[in-house]
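Novice: Fold the stuff below for me.
(2 chains)
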Amino acid sequence: DIQMTQSPSTLSASVGDRVSITCRASQSVFSYVNWYQQKPGKAPNLLIYAASSLQSGVPSRFSGSGFGTDFTLTISSLQPEDFATYYCQQSYFIPGTFGQGTTLESK
Amino acid sequence: EVQLLESGGALVQPGGSLRLSCAASGFTFSSYAMSWVRQVPGKGLEWVSTISGAGGSTYYVDSVKGQFTISRDNSKNMLYLQMNSLRAEDTAVYYCAKDTLPAAPSHWDSWGQGTLVTVSA
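Specialist: Got it, this is the predicted structure:
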């Protein structure tokens, strides 16, 4: 199975900060990486698909980049509602596998 | 508006069986693959199974092959997961999720609220 490794596991930041989360695949998954946000007690919410495409309804402060094995989720100006856990997922190979998650917490 | 509503989660003894259901509305159900994704409380996400829109193709993570069976009833807009021989490691919140493609697992743009399955004596 493809292993997806996120870093950091925890990220402390303040409102207004620009933050980035990285995800590395154990082998190339081309552009088949998706990013989800999950808040406590809630289902995940799709933010970015195909590495860089913004899901409908998601604020434009979220962006994604990368190809092959290295991918990044960036939040350009952190808002209070963005404190949550973020997961990357590859969908090129079956089984689709997730990263272990990055918890974005308030500094 | 897409809505997915899971039901059927419960406390079950090891070796027992359970069937989860997911009622879908707000989209053309038969046009999309549907999946189950689980999450051990406090842990990460794990894809479990996918069924194609027409129901002819199914996919499973290795750890549940031969143990779980995914199915759907397109006439009722319902998705199911039959879980047999349950083990403690199957304890998780199970989410029903809508794929973005009709035939194979991809990514998921709508999720249910989740249903908790607890396997314990």
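Novice: The closest residue in space to A:Gln90 that isn't next to it in sequence: what's it in contact with?
Specialist: Nearest residue to A:Gln90, sequence neighbours excluded (C-beta to C-beta, 6 or more residues apart in numbering or on different chains): A:Val29, at 4.2 Å. The C-beta positions use only the backbone N, C-alpha and C, and glycine is treated the same way. Contacts for A:Val29 were tallied using C-beta atoms under 8 Å, 6 or more residues apart in numbering or on different chains; they are A:Ile2, A:Gly68, A:Thr69, A:Gln90, A:Ser91, A:Tyr92, A:Phe93.
Novice: PyMOL command to pick out the buried ones of these?
Specialist: Of the contacts of A:Val29, the buried ones go into a single PyMOL selection, burial set by 16 or more other C-beta atoms under 10 Å in any protein chain shown:
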select buried, chain A and resi 2+69+90+91
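Novice: For chain B, what lies in contact range of chain A?
Specialist: When proximity is defined by C-beta under 8 Å from any C-beta of the partner chain, chain B lies next to chain A at B:37, B:44-47, B:59, B:61-62, B:95, B:100, B:104-109, B:111-114.
Novice: Quick check: B:Glu89 is in a strand.
Specialist: No: counting by DSSP: H, G, I helix; E, B strand; the rest coil, B:Glu89 falls outside a strand, being helix.
Novice: Tell me how many other residues crowd it.
Specialist: 9 (other C-beta atoms under 10 Å in any protein chain shown).
Novice: Show the pLDDT at it.
Specialist: On the pLDDT scale, B:Glu89 is placed at 97.
Novice: so which helix or strand takes in the residue lying closest to A:Gly68 once chain neighbours are set aside?
Specialist: Using C-beta to C-beta, 6+ apart and skipping the chain neighbours, the partner closest in space to A:Gly68 is A:Ser28 (4.7 Å). According to DSSP states H and E, A:Ser28 maps onto no helix or strand at all.
Novice: export stretch A:35-42 as PDB, just CAs?
Specialist: Extracted as PDB, the C-alpha positions of stretch A:35-42 are listed here (Å, rounded to 0.1, in the frame of the first residue of the first chain):
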ATOM      1  CA  TRP A  35      -7.000  17.200   1.200                       C
ATOM      2  CA  TYR A  36      -9.700  17.100   3.900                       C
ATOM      3  CA  GLN A  37     -10.400  19.200   6.900                       C
ATOM      4  CA  GLN A  38     -12.000  17.600  10.000                       C
ATOM      5  CA  LYS A  39     -13.300  19.300  13.100                       C
ATOM      6  CA  PRO A  40     -13.900  17.400  16.400                       C
ATOM      7  CA  GLY A  41     -17.000  15.200  16.200                       C
ATOM      8  CA  LYS A  42     -17.600  16.000  12.600                       C
END
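Novice: ok, back up a step: so can I have JSON lines of the contacts of A:Val29 showing secondary structure and pLDDT?
Specialist: Formatted as JSON lines, the contacts of A:Val29 follow (DSSP: H, G, I helix; E, B strand; the rest coil; pLDDT from 0 to 100):
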{"residue": "A:Ile2", "secondary structure": "coil", "pLDDT": "96"}
{"residue": "A:Gly68", "secondary structure": "coil", "pLDDT": "98"}
{"residue": "A:Thr69", "secondary structure": "coil", "pLDDT": "98"}
{"residue": "A:Gln90", "secondary structure": "strand", "pLDDT": "98"}
{"residue": "A:Ser91", "secondary structure": "coil", "pLDDT": "96"}
{"residue": "A:Tyr92", "secondary structure": "coil", "pLDDT": "96"}
{"residue": "A:Phe93", "secondary structure": "coil", "pLDDT": "95"}
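Novice: Right, I'll call it a day here.
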